[in-house]
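> Dropping the sequence and predicted coords here.
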Amino acid sequence: GAVVSQHPSRVICKSGTSVKIECRSLDFQATTMFWYRQFPKQSLMLMATSNEGSKATYEQGVEKDKFLINHASLTLSTLTVTSAHPEDSSFYICSATRQGARITEAFFGQGTRLTVV
Amino acid sequence: DAKTTQPTSMDCAEGRAANLPCNHSTISGNEYVYWYRQIHSQGPQYIIHGLKNNETNEMASLIITEDRKSSTLILPHATLRDTAVYYCIVRAVYNQGGKLIFGQGTELSVKP
């Protein structure tokens, strides 16, 4: 199956700093990538839709100035958590859909565990 | 996309079949049923999807009722590694480029 890789898998940062998470589709071109956040014991919550070459679309309640998304190529999207605070500590997961696929199937990265101290 | 309802948790004995139900009574004609699972602290993994016919692959079987209002995911011989949260998601195939809205899922515990 298709491979989506996230980096880093774990990160600890100080409150007030920014953290960048990368999501790469390794063996296919991804028209669209999605970013999710998951708190302990909860389901995945969609944060935003990232389209190559255009602005991301954010879900209601997600601050676009705090969670910066860049999708500069068909294989890479980045999520930057700016001015991180302890409440931003969470499991962040990306997914990518294959360009040109007849049936769109989402492939997920392994997730990034962010801890803000 | 139609809403789905799943039991919060289920147990299954190792080696036995695990049958995970999903209710999607408001499903419309152009919506597929997708199943994903998430093993603890990992990203979700695609299992199977179907429209109206039963489907089988190397991981599981998907049984969709004739009226399409419910479905069952079957893991024929559950192993300890199948312990995970299983998500049933209904989505129109050509809508929104693969966006998936996750419900709470079913936490399956496979016990020795």
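That came through, no problem.

> Surely residue B:40 is in a helix?
No - read with DSSP: H, G, I helix; E, B strand; the rest coil, residue B:40 is coil and lies in no helix.

> Hmm, residue B:81 and it touching each other?
No - in this structure, residue B:40 is not within contact of residue B:81 by C-beta atoms under 8 Å, at 11.3 Å. Every C-beta, even on glycine, is put in place using the N, C-alpha and C of the backbone.

> Packing partners of whichever helix or strand residue B:46 is part of?
Element membership for residue B:46 (DSSP states H and E) is strand B:45-50. For strand B:45-50, the packing partners by 3 or more C-beta pairs under 8 Å, 6 or more residues apart in numbering or on different chains; DSSP states H and E come out as strand A:106-108, strand B:31-38, strand B:55-56, strand B:61-64, strand B:70-75.

> what's residue B:19 sitting at in phi/psi?
phi -110, psi 110 (degrees, to the nearest 10).

> still on that earlier bit, tilt between the strand holding residue B:46 and strand B:70-75?
Using axes from the mean of the first three to the mean of the last three C-alpha atoms, to 10 degrees, the direction of strand B:45-50 lies 130 degrees away from that of strand B:70-75.

> tell me which residues in strand B:45-50 are buried?
By neighbour count on 16 or more other C-beta atoms under 10 Å in any protein chain shown, the buried set for strand B:45-50 is B:46, B:47, B:48, B:49, B:50.

> Off-centre distance for that strand?
7 Å (C-alpha atoms, centre = their mean, to the nearest Å).

> same question, stretch B:64-83
6 Å.

> now swap in stretch A:88-102 and tell me
Taking mean C-alpha positions (C-alpha atoms, centre = their mean), stretch A:88-102 and its chain are 6 Å apart.

> near chain B at all, that stretch?
Yes - on the criterion C-beta under 8 Å from any C-beta of the partner chain, stretch A:88-102 is in touch with chain B at A:91, A:93, A:95, A:96, A:97.

> Run through the residues that contact the second one.
So that's residue A:93. Shown in contact with residue A:93 (C-beta atoms under 8 Å, 6 or more residues apart in numbering or on different chains): A:6, A:35, A:36, A:37, A:38, A:44, A:108, A:109, A:111, A:112, B:43, B:44.

> CA-only coordinates of stretch A:36-51, as PDB, when you get a sec.
Coordinates of each C-alpha in stretch A:36-51 appear next as PDB, following Å, rounded to 0.1, in the frame of the first residue of the first chain:
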ATOM      1  CA  TYR A  36      -6.100  15.700  12.400                       C
ATOM      2  CA  ARG A  37      -5.600  16.100  16.100                       C
ATOM      3  CA  GLN A  38      -6.400  13.500  18.700                       C
ATOM      4  CA  PHE A  39      -6.500  14.000  22.400                       C
ATOM      5  CA  PRO A  40      -6.200  11.000  24.800                       C
ATOM      6  CA  LYS A  41      -9.100   8.600  24.800                       C
ATOM      7  CA  GLN A  42     -10.800  10.600  22.000                       C
ATOM      8  CA  SER A  43     -11.400  10.200  18.300                       C
ATOM      9  CA  LEU A  44      -9.500  12.000  15.600                       C
ATOM     10  CA  MET A  45     -10.700  15.500  14.900                       C
ATOM     11  CA  LEU A  46     -10.200  17.000  11.500                       C
ATOM     12  CA  MET A  47      -8.300  20.300  11.700                       C
ATOM     13  CA  ALA A  48      -7.800  21.300   8.100                       C
ATOM     14  CA  THR A  49      -7.600  20.300   4.500                       C
ATOM     15  CA  SER A  50      -4.400  21.100   2.700                       C
ATOM     16  CA  ASN A  51      -4.400  21.400  -1.100                       C
END
